[in-house]
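In: No sequence on hand, only this structure:
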């Protein structure tokens with residue numbers, strides 16, 4: 001990670017290396033905190049813009065509500081702080097990480113008066129799964145770890161502790177020589193990646209996991225809307241691992257992953273073992289939008 005100069009912490013900027021918390025910070029011990037992943041892109045000839053900032057902030061606050069964490073700042077303050085963090089650090093593009101966490105105070109699994117603290121960091125970050133992966137596709141493996149059940153974890157909240165499941169799955173498949181994990185839900189159907197939603201293409205029709213046990217991805221929503229505007233049919237429906245094996249195309253979506261093609265799963269080639277035409281069309285459309293080339297989607301861009 002490339003360090004930036006400043007981090008926004010509880011309403012003011014502090015030096016990157018001084019943005020520290022106490023070792024008894026409650027979230028560090030028990031995992032109750034919420035966060036977001038947001039991207040800013042340099043727009044062609046027209047400054048920079050944060051992609052779907054309002055939607056990310058809405059989800060940030062929704063996650064906090066689910067977790068029963070009362071946010072100490074308004075949405076407008078957070079939106080402004082995101083932009084100011086980019087400006088202060090001289091970033092014309094990069095990744096932005098807002099996080100709300102419980103500070104130190106009482107210990108144990110019932111935090112009483114622990115303050116809700118908020119930080120926003122931003123740094124330069126390229127393709128999450130590699131530039132080569134964006135162009136040629138990646139190799140994925142079904143993990144032995146199952147995705148959360150809706151009554152075990154709050155699957156509609158981007159909760160810090162939920163991602164232990166993702167870390168274990170990712171470590172497992174990388175150790176086996178793959179790039180990314182695919183997790184199944186508790187009924188054995190494909191759920192999502194370790195940090196991405198998943199789409200498959202069969203006979204020209206896109207299919208993605210319904211929002212039952214997975215997080216409502218903002219890039220996922222963007223792809224559904226882009227595909228509709230391109231007159232492509234999209235179905236939100238469960239599918240099995242062997243349906244994934246015989247798909248014509250597959251790709252991951254996410255703020256970090258953007259639109260990353262999947263060319264192989266469990267040693268089985270997907271389609272022609274390279275990004276397919278529909279994946280590439282959606283990928284091109286997505287990058288045109290985030291870089292301000294398609295004015296139709298201007299409302300998705302918050303200028304910095």
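Out: That came through fine. Keep in mind that what you see is a predicted model, and the values were worked out from it rather than measured.
In: what sits up against the strand or helix carrying residue 171?
Out: Applying DSSP states H and E as the criterion places residue 171 in helix 164-175. With CB atoms under 8 Å, 6 or more residues apart in numbering as the contact definition, helix 164-175 has outside contacts at 31, 140-141, 143-145, 147-148, 179-181, 183, 194-195. Heads up, the C-betas are built off the backbone N, CA and C, glycines and all.
In: May I see the buried residues of it?
Out: Using 16 or more other CB atoms under 10 Å as the burial criterion, the residues of helix 164-175 that qualify are 165, 166, 169, 170, 172, 173.
In: would you list those in CSV and tack on distance to residue 255?
Out: As requested, these are exported to CSV (distance: CB to CB, whole Å):
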residue, distance to residue 255
165, 19
166, 14
169, 19
170, 16
172, 23
173, 21
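In: quick check, nearest of these to residue 222?
Out: Relative to residue 222, the closest of the buried residues of helix 164-175 is residue 166; by CB to CB it sits at 21.3 Å.
In: Surely residue 178 touches residue 133?
Out: No - counting by CB atoms under 8 Å, residue 178 stays clear of residue 133, with 11.6 Å between them.
In: Quick one, which of the contacts of helix 164-175 are buried?
Out: 140, 141, 143, 145, 147, 148, 179, 180, 181, 183, 194, 195.
In: just checking, the fifth one touches residue 186?
Out: Yes - Residue 147 sits in contact with residue 186 when judged by CB under 8 Å, with a separation of 7.3 Å.
In: Give the intersection of the neighbour lists for these two.
Out: Shared contacts of residue 147 and residue 186, counting by CB under 8 Å, 6+ apart, come down to residue 213.
In: mind listing what residue 214 touches?
Out: Going by CB under 8 Å, 6+ apart, the list of residues near residue 214 reads 147, 155, 191, 192, 197.
In: now, which of the residues you listed lie within helices?
Out: Among those, DSSP state H puts none in helices.
In: Where is pLDDT lowest across these?
Out: Of all these, residue 155 has the smallest pLDDT value, namely 93.
In: Please identify the helix or strand for residue 64.
Out: helix 53-66.
In: Quick one: list the elements packing against that helix.
Out: If contacts are counted by 3 or more CB pairs under 8 Å, 6 or more residues apart in numbering; DSSP states H and E, helix 53-66 sits against strand 33-35, helix 75-88, strand 94-102, helix 218-229.
In: So what's the residue count around the nearest residue to residue 162 once chain neighbours are set aside?
Out: Distances taken as CB to CB, 6 or more residues apart in numbering put residue 153 closest to residue 162, at 5.3 Å, once the chain neighbours are dropped. Residues near residue 153, counting by other CB atoms under 10 Å, number 15.
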